[in-house]
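Participant: One predicted model, sequence on top.
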Amino acid sequence: MTVGDGAVDVPVGDGAGDAEPDPVAGEVGEVGEVGDVGDAGDVVPVVAELVAAPPTLPCEESHAAVTIAAPSAAMPPRRIVRLVLIRFSIRQNPRPAAKERAAARLTSGRAGSTVPDMTLLAQLAEAVAAGTIEVVDLTAPLSHETPILHLPEPFTNTVEFSLREISHYDERGPAWYWNDIVTGEHVGTHFDAPVHWITGRDGEDVSQVAPRRLIGPAVVLDASDRAADDPDHLLQIEDVREWEAKHGPLPEGGWLLYRTGWDARAGDQAAFLNANETGPHSPGFSVECAKWLAQETALRGIGVETVGTDAGAAHGFDPPFPCHSFMLGAGKYGLTQLRNLDLLPARGAVLIAAPLPIVRGSGSPARVLALVEREG
């Protein structure tokens, strides 16, 4: 059986790649166009969409196939003319090889063309190498100077990051340099897993987060001007609605990155925490906004530039620390102490978060990257 939009037929079955693939008993359904992206070549959003929305039906086998039509070998890798997403449910269990090949298939070149196939991943790699897709590091450097959260008594605080030298090309190890690392899970740019908060205590620890959920589309909401005027500025639902009216809906399975300009303070712990006798003062989300983002949107997580996902004054909110309470309680994630959000577009980036898979870990320091398309 083959399915396609007429540009390229995508074979589905045990014989994928053979002249006559074996048919798989099934039903074709939910055939729809993701869109004609024309000259813009939105490779990055396509990658995010394919990663974010794989088939997940528990009872029936469900797979996805796509076609990409490139009419000539001269077409730049970033120029994808047409993308069609095809979903179908297989009523009978195919043989293992069929199950594997019934997952996403990508091909470029029209049927009968002699142009060699180039997969979307190959196009992505070529675009990164050419600089038409930029890799932006959203991670703060990790050192003993990295600001850390300070909880009031009687609560216990995390340790700051440090290195303990094992050897450095000396008698302890003449040909190698290495260190022991001392750090807390929630130090520097880090990932909050659901189990970090009591509302998510039955949820995932950081080692249980599926790898595909660590990659997704990202949008940036910039409130840096308001945060500069008011360090206690809180994002409201109306602010997000206003952003959506201008830039489109929040991405399903994606990240909302909240830019406040707070990363400019990261070199000074006192300025970063911005605490006085009444407690810390840093921007964040209102209780209503945190609850709405957690329960009423399809976001996967939120990211901030501050020491935690909640506002500095969130200890006095009802409930306290609503981003932690609602987002992690909903099985969603948090990223903190990000930087370089000013280098990202309002929408169109793809975020890659790479925490350590610490068994039973409530979180982990993470390397966080963003892929951004630039003009060639």
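Facilitator: It's in.
Participant: switch to C-alpha atoms for all contacts and neighbour counts from now on
Facilitator: Fine.
Participant: okay, now the nearest residue to A127 once chain neighbours are set aside: neighbour count?
Facilitator: If you skip the residues right next to it in sequence, A127 has I133 as its closest partner in space, 5.4 Å away by CA to CA, 6 or more residues apart in numbering. Number of residues near I133 (other CA atoms under 10 Å) recorded here: 23.
Participant: Please look at I133 and A349 and confirm they touch.
Facilitator: No: using CA atoms under 8 Å, I133 makes no contact with A349, being 9.8 Å away.
Participant: Give me the common contacts of the two.
Facilitator: Overlap of the contact sets of I133 and A349 (by CA atoms under 8 Å, 6 or more residues apart in numbering) consists of 371-373.
Participant: can I get those in TSV with distance to V240, secondary structure and neighbour count?
Facilitator: Compiled in TSV, those are given as follows (distance: CA to CA, whole Å; DSSP: H, G, I helix; E, B strand; the rest coil; neighbours: other CA atoms under 10 Å):
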residue	distance to V240	secondary structure	neighbour count
L371	23	strand	23
V372	22	strand	23
E373	24	strand	24
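Participant: Return the closest of the residues you listed with respect to E171.
Facilitator: Within the set of those, L371 lies nearest E171; the separation is 43.4 Å, counting by CA to CA.
Participant: OK, contacts around that closest one?
Facilitator: Listed by CA under 8 Å, 6+ apart, the contact set of L371 reads 44, 133-136, 349-351.
Participant: ok, of the residues you listed, which come out buried?
Facilitator: Among these, those buried by neighbour count (16 or more other CA atoms under 10 Å) are 44, 133-136, 349-351.
Participant: So which of those residues belong to strands?
Facilitator: Secondary-structure check on the buried ones among the contacts of L371 using DSSP state E: residues within strands are 133-136, 349-351.
Participant: of those residues, closest to A270?
Facilitator: Each of those was checked against A270 using CA to CA; the closest is V136, at 27.1 Å.
Participant: Please, which helix or strand holds the closest residue to the closest one other than its chain neighbours?
Facilitator: Take V136 and drop its neighbours on the chain: the residue closest to it by CA to CA, 6+ apart is A370, 5.0 Å away. With secondary structure defined by DSSP states H and E, A370 is part of strand 363-373.
Participant: and the angle from that strand to strand 133-137?
Facilitator: Angle of strand 363-373 versus strand 133-137, following axes from the mean of the first three to the mean of the last three CA atoms, to 10 degrees, is 150 degrees.
Participant: Within its sheet, name the partner strands of strand 363-373 and how each one runs.
Facilitator: Taking DSSP bridges as the criterion, strand 363-373 sits next to strand 133-137 (antiparallel), strand 190-192 (antiparallel), strand 347-355 (antiparallel) in its sheet.
Participant: That strand - what's its average pLDDT?
Facilitator: Mean per-residue pLDDT for strand 363-373: 98.
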